[in-house]
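In: Provided below are the primary sequence and the corresponding predicted coordinates.
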Amino acid sequence: MWFHGQYAAFYAYNWTNGNIVWKFSAPAATPYETPYTNANGTAVYPWYSGSGLVADGKVYIYNSEHTATQPITRGWSLWCLNAYTGEEIWNITTPGAPSAIADGYLSVSGTDGYQYVFGRGQSKTTISAPDVATAKGTAVVIKGTVLDQSPAQTNTPCVSKDSMKTQMEYLHRQQPIGGIWNNATITGVPVTLTALDSNGNYEDLGIVTTDGYYGTFTKTWTPPIEGDYKIIASFDGDDSYGSSTAATTMAVSPASTTSTTSAPESAAADYTMTILGTGIAVIIAVAVVGAIMLLMFKRRK
């Protein structure tokens, strides 16, 4: 096949006989901003582009036209299509000419003056658990992150394939984080959690999904036995990111015991000193009264 962009569609032709194998058109996201239409009268973006690249069964092309207006039409994009079927694989609102493909990376000269490189980025996984011993039977919270280490957006959240366009356009094209129609939700990536106990036994803690907006994950888990644990978080990677893993440790102590000792019985109250004290006070009071009366009797004489 050979490929050619026209104003209403992008075509793949059979090299031998000239038959049209497939054609691809891109309906305009915003109507009345392009004069081109398809056979149904739907507004579409043009493909008058002087360059494109084919590699690994994919065609990379971008929207353009002869003597494009400035600013360029909203919605023009870079497209990745299946070279055999014409199906869309992905697109991003970054028009520009594909200039080179090597080692799994695509270089694009953007119409905004930037050079963009598309491909798999490195990822970094972190994990943490309580750093003090936890009593057996107590639930613990395991948490961590999975972050993109690509030079263009270091330490930003790794996101799912379905959210990649929204994430990249938000980070690099000044688009809203919810998409231009505010109807997009960014989702994260799956992380597998495993625990290795002090006896060398593995326990599968399940798969958690990171938060697409922050790259964080959490898991509440109750360790079944006492001893030291190693907790492992693994991100397998995908078409967008390489894999990464991380581990942490935690300790589980014996379960706490609650004392049930009964309070001692109260001893019988001893009032001996109280009685003695009261008697002494009465004697002193009588003696004082007697002395006063004797003094008054002598004065009368």
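Out: Cool, the structure landed.

In: list the contacts for the closest residue to residue 48 other than its chain neighbours?
Out: Excluding the flanking residues, the one nearest residue 48 by C-beta to C-beta, 6 or more residues apart in numbering is residue 65, at 4.6 Å. All C-beta spots, glycine's among them, are computed from the backbone N, C-alpha and C. Taking C-beta atoms under 8 Å, 6 or more residues apart in numbering, we find residue 65 in contact with 7, 46, 48.

In: and the pLDDT for residue 65?
Out: pLDDT, the model's per-residue confidence, is 87 for residue 65.

In: which residues of the protein score low on pLDDT?
Out: 49-50, 257-301 (pLDDT under 70).

In: can you pull the domain assignment for it?
Out: 2-118, 123-253 (automatic domain parsing).

In: in a strand, residue 162, correct?
Out: No. Residue 162: not assigned to a strand; according to DSSP: H, G, I helix; E, B strand; the rest coil it is helix.

In: can you say which helix or strand has the closest residue to it other than its chain neighbours in it?
Out: Among residues not flanking residue 162 along the chain, residue 187 sits closest, at 6.6 Å (C-beta to C-beta, 6+ apart). Using DSSP states H and E, residue 187 is not contained in any helix or strand.

In: residue boundaries of the strands in the stretch 51-200 of the chain?
Out: Using DSSP state E, counting those that start in this stretch, the strands of the stretch 51-200 of the chain run over residues 53-55, 58-62, 78-82, 88-92, 96-102, 105-110, 115-118, 123-128, 134-135, 140-148, 156-157, 190-196.

In: ok, which of those strands comes nearest residue 232?
Out: For those, proximity to residue 232 was assessed by C-beta to C-beta; strand 190-196 is nearest, at 4.6 Å.

In: would you mark the buried spots in the closest one?
Out: Using 16 or more other C-beta atoms under 10 Å as the test for burial, strand 190-196 gives 191, 193-196.

In: need the max-distance pair from those.
Out: 191 and 196 (16.5 Å).

In: which residues does stretch 206-219 contact?
Out: With C-beta under 8 Å, 6+ apart as the criterion, stretch 206-219 contacts 141-147, 156-160, 163, 167, 177, 185-193, 205, 233.

In: check contacts around residue 90.
Out: Residue 90 sits next to 79-80, 164-165 when contact means C-beta under 8 Å, 6+ apart.

In: who does it bridge with?
Out: residue 80 (DSSP bridges).

In: ok, back up a step: so which of the contacts of residue 65 is surrounded by the most neighbours?
Out: residue 46 (24 neighbours; other C-beta atoms under 10 Å).

In: chain neighbours aside, what residue packs nearest to residue 101?
Out: Using C-beta to C-beta, 6+ apart and skipping residues adjacent in sequence, the residue nearest residue 101 is residue 55, 4.5 Å away.

In: number of residues surrounding residue 234?
Out: Residue 234 sits with 18 neighbouring residues when counted by other C-beta under 10 Å.

In: same question for the one 3 residues further on.
Out: Residue 237 is flanked by 16 other residues according to other C-beta under 10 Å.

In: for the residue nearest to it when sequence neighbours are not counted, give me its contacts.
Out: Excluding the flanking residues, the one nearest residue 237 by C-beta to C-beta, 6+ apart is residue 243, at 3.6 Å. Taking C-beta under 8 Å, 6+ apart, we find residue 243 in contact with 123, 234-237.
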